[in-house]
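In: got a predicted structure here, sequence first:
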Amino acid sequence: MEHFARLLDALTFTRSRNAKLRLIADYLCATPDPDRGWALAALTGTLDLKAVQPALLKALMAERLDATLFALSHDFVGDMAETISLLWPDAPGETPAPPALDEVVRQLSGLSRKDAPAVVAALLDRLDAPARYALIKLATGALRAGVSARLAKTGFAQGFGLDVEAVEEVWHGLSPPFEPLFQWAGGAAPQPTAGDVPVFRPFMLAGPLEDGATLDLADHAAEWKWDGIRVQLVHAGGQTRLFSRTGDDISGSFPDLMLDLPATLDGELLVRGEGQGAAGGVDASGSFNALQQRLGRKAPAPKLLAERPAFIRVYDLLSHAGEDLRPLPWAARRDRLEALLPALDPARFELSPLVEATSWDELAALRAQARDAAIEGLMLKRRDAPYMAGRKVGLWFKWKRDPLTADCVLMYAQRGHGRRSSLYSDFTFGCWSEDGQLLPVGKAYSGFTDAELAMLDKFVRAQTVQKFGPVREVEKSLVLEVAFDSIHASTRHKSGLAMRFPRIVRIRFDKPALEADTLVALLKLAT
């Protein structure tokens, strides 16, 4: 456990991608099974413990430390796991040897509420401060080390001299602690196979089209970039599964798509309704805001299924009748897809139409109309490109519509996580209502430079007017220019609006707060 804690600490404070990869590779190559398998699961987000609630940890601390001291320390540090790991008192008497990561995982797996306090306290007693921090993050399901699942898999692949695409190919057919994966990596066993089960295959991704760049339309096909979520529908062994872009199985949320079909489809998950305009011969669909009503519901009610029926606007065909089509060029896959779609339920599957244009200027004019139809923009794909995992340079491009912007007033701030745990880096901002109230319209924690973050943190500390636990309310005087992809009417927010993908692009020290934008102005941008 202590070795894993040191790895987390090093990853958290290492910014270089290559350095992170070396740290992960060295750890996985030097650590025995099953500890390294549990570590890889933790780094890739596939270790689902969530055995411990924050309330339990606070109760344990209340037995060992003055409540006021703990509250003040927590407010200063900003992260509960870090606060507890530093303040946890040494156990009296001789301390047992620290547990291995495997022992920790096995004790926390299936832990009952009754046994949790004693088990967690005993583990914390056996660890030093860095390992206590790692334990708490694991136990609460809040592990953050600046490492994406893809980066962790790449580190594994580099450590064992494998191709990361080969690792991705078998990944979703395996489960922690991944012993078959490590046996293959060490040369002791052949590459694992998924078998006759529906497993996720890594998506092919697009890079942004550079400003001012143009492409030869004879070599590229254009299609709309719909505003839903990218999904993969897989059927094998009599089972159908729906996977999100990150490989999460979201089948339970969309039982209306669990149909028997002889193919693996790549497409955009949408719901029926209005909000996203018709284009290229397909009907209008519901907005992303409407789709959100279905996302995350493990057992959607029949009423919701009837009001928001789901469907897939299909982009690509990855396999058909047991044949892997990914090595084929896009044009050949498209032909096979167009031949297949008429045989599928038209209420559930639609072909995403191509965008026809005779010149780049004509295509640019069509893209400019995307916002009016609430479409995200265009995708441009080389006609001869095979379907390859990840973002391959020069094959697929996304040409998104320009973002919207608004001048908003900073209202609240909260400390971040990881290396930002001592800085106020999560910012809530608002705009003016007709009666002069400042109401929240969004929250952002990106878009600014490190220097700008330091300025924002300094402003929050100097201009705090009230505290609400970890949240600070500030004087309503600082204007932030916020960019966002779209904005929707929302009954869940007091302002009646909700931004999608907001990020701070500029601090407007030059602009008085009273001149920030109004809700009326934002409402005109809503889709």
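Out: Yes, it's here. Just so it is clear, the model here is predicted, and its values are computed rather than measured.

In: who are the packing partners of the helix or strand of the chain with the lowest mean pLDDT?
Out: Every helix and strand of the chain was ranked by mean pLDDT, DSSP states H and E. The lowest is strand 275-276, at a mean of 78. In terms of contacts (3 or more Cβ pairs under 8 Å, 6 or more residues apart in numbering; DSSP states H and E), strand 275-276 is packed against strand 285-286, helix 288-292. For every residue, glycine as well, the C-beta is placed using N, CA and C.

In: next up, the contacts around the closest residue to Gly280 other than its chain neighbours.
Out: In this structure, Gly280 finds its nearest non-sequential neighbour in Pro353, 3.3 Å apart by Cβ to Cβ, 6 or more residues apart in numbering. Shown in contact with Pro353 (Cβ atoms under 8 Å, 6 or more residues apart in numbering): 223-224, 279-282.

In: among the helices and strands packed on strand 275-276, which gets the worst mean confidence?
Out: Mean pLDDT values for the helices and strands packed on strand 275-276 show the minimum at helix 288-292, a mean of 84.

In: touching the helix or strand following it from outside, list them.
Out: Once the chain leaves helix 288-292, the next helix or strand it forms, by DSSP states H and E, is helix 302-307. Outside helix 302-307, the residues that touch it by Cβ under 8 Å, 6+ apart are 255-256, 293-294, 297.

In: at 7 Å what do you get?
Out: Under the criterion Cβ atoms under 7 Å, 6 or more residues apart in numbering, residues 256, 293-294 lie in contact with helix 302-307.

In: can you dump the C-alpha coordinates of the helix or strand just after it into CSV?
Out: Where DSSP H and E defines the elements, the next helix or strand beyond helix 302-307 is strand 310-320. Extracted as CSV, the C-alpha positions of strand 310-320 are listed here (Å, rounded to 0.1, in the frame of the first residue of the first chain):
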residue,chain,number,x,y,z
ALA,A,310,-34.1,6.9,-27.4
PHE,A,311,-32.5,6.2,-30.8
ILE,A,312,-29.1,6.1,-32.4
ARG,A,313,-28.1,8.2,-35.3
VAL,A,314,-25.5,5.8,-36.7
TYR,A,315,-22.1,7.0,-38.0
ASP,A,316,-20.2,3.8,-38.6
LEU,A,317,-20.3,0.0,-38.8
LEU,A,318,-17.6,-1.8,-36.9
SER,A,319,-18.6,-5.4,-37.4
HIS,A,320,-21.3,-7.3,-39.2
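
In: partner strands of strand 310-320 and their direction?
Out: Applying DSSP bridges, strand 310-320 is found paired with strand 263-271 (antiparallel), strand 323-324 (antiparallel), strand 349-351 (parallel).

In: which of the ones you listed sits closest to Pro403?
Out: strand 263-271 (19.9 Å; Cβ to Cβ).

In: what sits up against the closest one?
Out: 201, 203, 226, 228-235, 285-286, 290-291, 294, 308-320, 340, 352.

In: so among these, which ones count as buried?
Out: The neighbour count (16 or more other Cβ atoms under 10 Å) marks 201, 203, 226, 228, 230-235, 285-286, 290-291, 294, 308-320, 340, 352 as buried among these.

In: quick one: buried residues of stretch 41-49?
Out: Within stretch 41-49, the residues that count as buried by 16+ other Cβ under 10 Å are 41-47, 49.

In: tally of neighbours for Gly447?
Out: 16 (other Cβ atoms under 10 Å).

In: so Leu65 touches Leu86, yeah?
Out: No. Under the criterion of Cβ atoms under 7 Å, Leu65 makes no contact with Leu86, lying 10.9 Å away.

In: more neighbours: which of the two?
Out: More crowded of Leu65 and Leu86, by other Cβ under 10 Å: Leu65, with 16 against 13.

In: what is the burial count for the closest residue to the more buried one other than its chain neighbours?
Out: Leaving out its chain neighbours, the residue that sits closest to Leu65 by Cβ to Cβ, 6+ apart is Leu87, at 5.8 Å. Counted with other Cβ under 10 Å, the neighbours of Leu87 add up to 17.

In: was I right about Leu87 contacting Arg64?
Out: No. Taking contacts as Cβ under 7 Å, Leu87 lies outside contact range of Arg64: 8.1 Å.

In: in a markdown table: the strands paired with strand 310-320, plus mean pLDDT and mean neighbour count.
Out: Shown next, in a markdown table, are these (pLDDT from 0 to 100; neighbours: other Cβ atoms under 10 Å):
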| stretch | mean pLDDT | mean neighbour count |
| --- | --- | --- |
| strand 263-271 | 95 | 24 |
| strand 323-324 | 92 | 11 |
| strand 349-351 | 95 | 21 |
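
In: and of the ones you listed, who's closest to Glu82?
Out: Evaluated over the strands paired with strand 310-320, closeness to Glu82 peaks at strand 263-271, with 37.8 Å, by Cβ to Cβ.

In: need the CA coordinates for that closest one. PDB is fine.
Out: The C-alpha trace of strand 263-271 is given here as PDB (Å, rounded to 0.1, in the frame of the first residue of the first chain):
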ATOM      1  CA  ALA A 263     -23.700  -5.800 -35.900                       C
ATOM      2  CA  THR A 264     -21.600  -3.400 -33.800                       C
ATOM      3  CA  LEU A 265     -22.700   0.200 -34.400                       C
ATOM      4  CA  ASP A 266     -21.000   3.500 -33.700                       C
ATOM      5  CA  GLY A 267     -23.300   6.500 -33.400                       C
ATOM      6  CA  GLU A 268     -24.800   9.400 -31.500                       C
ATOM      7  CA  LEU A 269     -27.300   8.600 -28.800                       C
ATOM      8  CA  LEU A 270     -30.300  11.000 -29.000                       C
ATOM      9  CA  VAL A 271     -33.900  11.200 -27.800                       C
END
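
In: which non-adjacent residue is nearest the residue most central in space within the chain?
Out: For the chain, the residue sitting closest to the mean C-alpha position, by Cα atoms, centre = their mean, is Thr246 at 7.2 Å. Spatial nearest neighbour of Thr246, excluding adjacent residues (Cβ to Cβ, 6+ apart): Ala149 at 7.1 Å.

In: just for the stretch 351-500 of the chain, where's the confidence low?
Out: Residues of the stretch 351-500 of the chain meeting the criterion pLDDT under 70: 418.

In: now do the strands in it.
Out: 377-382, 390-391, 396-400, 404-415, 424-432, 438-444, 464-468, 471-474, 479-484, 486-489, 497-500 (DSSP state E, counting those that start in this stretch).

In: pull the distance from stretch 161-179 to the chain's centre.
Out: Distance, stretch centre to chain centre, for stretch 161-179: 20 Å (Cα atoms, centre = their mean, to the nearest Å).

In: just the endpoints, please. Distance across it?
Out: Using Cα to Cα, to the nearest Å, one end of stretch 161-179 lies 17 Å from the other.

In: so that it lines up with my notes, have the first residue be 228 from now on.
Out: In the new count, where the first residue is 228, that last one comes out as stretch 388-406.

In: please enumerate residues in contact with that stretch?
Out: Contacts with stretch 388-406, where a contact means Cβ under 7 Å, 6+ apart, come from 260-261, 264-265, 267-268, 273-274, 380-381, 383-384, 407-408, 412, 418-422, 424, 426-427, 429, 474, 616-617.

In: return the subset of those lying in strands.
Out: Taking DSSP state E as the definition of strands, the contacts of stretch 388-406 contribute Gly617.
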